[in-house]
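1. here's my sequence, what's the structure:
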Amino acid sequence: MSPQIAGRNASETGTDIVHYLTESQGFSAFVLDGGAVYQTYSTGARGVEFLMSYYPILDRAPKGRDEEGSFQVWIRTHDEYDQN
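-> Alright, predicted model coming up:
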């Protein structure tokens, strides 16, 4: 993730960059077997993309996610795009 985006996201969510980067999304699966609970799967960061239903749509668009080697620096709010 780009420092620029991480800083912006941290600020917009009301936290600092350290807490923003250490408190990220994740997904875990568990099984109960014989009275014991086992964690059978865990992933975080880009491993949770399967939960984000818009990524498959972007992946099929002409420019895809348009990341150009950076993590989502192309995402802007509606009023931040050029007025061409």
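2. part of a strand, is residue 37?
-> Yes: using DSSP: H, G, I helix; E, B strand; the rest coil, the assignment for residue 37 is a strand.
3. can you pull the contacts of it?
-> The contact partners of residue 37, by CB atoms under 8 Å, 6 or more residues apart in numbering, come to 30-31. Quick note: C-beta positions are derived from backbone N, CA and C, even for glycine.
4. run the last query once more with 7 Å
-> Residues counted as contacts of residue 37 (CB atoms under 7 Å, 6 or more residues apart in numbering) are residue 30.
5. what's opposite it in the beta bridge?
-> Legend: beta-bridge partners of residue 37 under DSSP bridges are residue 32.
6. pLDDT score assigned to it?
-> On the pLDDT scale, residue 37 is placed at 98.
7. same check on residue 13?
-> pLDDT at residue 13 comes out at 87.
8. how near is the nearest residue to it once chain neighbours are set aside to residue 45?
-> Residue nearest to residue 13 in three dimensions, not counting chain neighbours: residue 20, with 6.6 Å by CB to CB, 6 or more residues apart in numbering. From residue 20 across to residue 45, the span is 13 Å (CB to CB, to the nearest Å).
9. isn't residue 9 right next to residue 19, touching?
-> No: applying CB atoms under 7 Å, one finds residue 9 not in contact with residue 19, separated by 11.2 Å.
10. span of stretch 49-60 from start to end?
-> 15 Å (CA to CA, to the nearest Å).
11. who touches it?
-> With CB under 7 Å, 6+ apart as the test, stretch 49-60 has contacts from 27, 64-65.
12. show me which of those residues are buried.
-> Among the contacts of stretch 49-60, not one counts as buried by 16 or more other CB atoms under 10 Å.
13. in JSON lines: the residues you listed, plus secondary structure, distance to residue 4 and pLDDT.
-> Formatted as JSON lines, the contacts of stretch 49-60 follow (DSSP: H, G, I helix; E, B strand; the rest coil; distance: CB to CB, whole Å; pLDDT from 0 to 100):
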{"residue": "27", "secondary structure": "strand", "distance to residue 4": "26", "pLDDT": "93"}
{"residue": "64", "secondary structure": "coil", "distance to residue 4": "21", "pLDDT": "77"}
{"residue": "65", "secondary structure": "coil", "distance to residue 4": "17", "pLDDT": "75"}
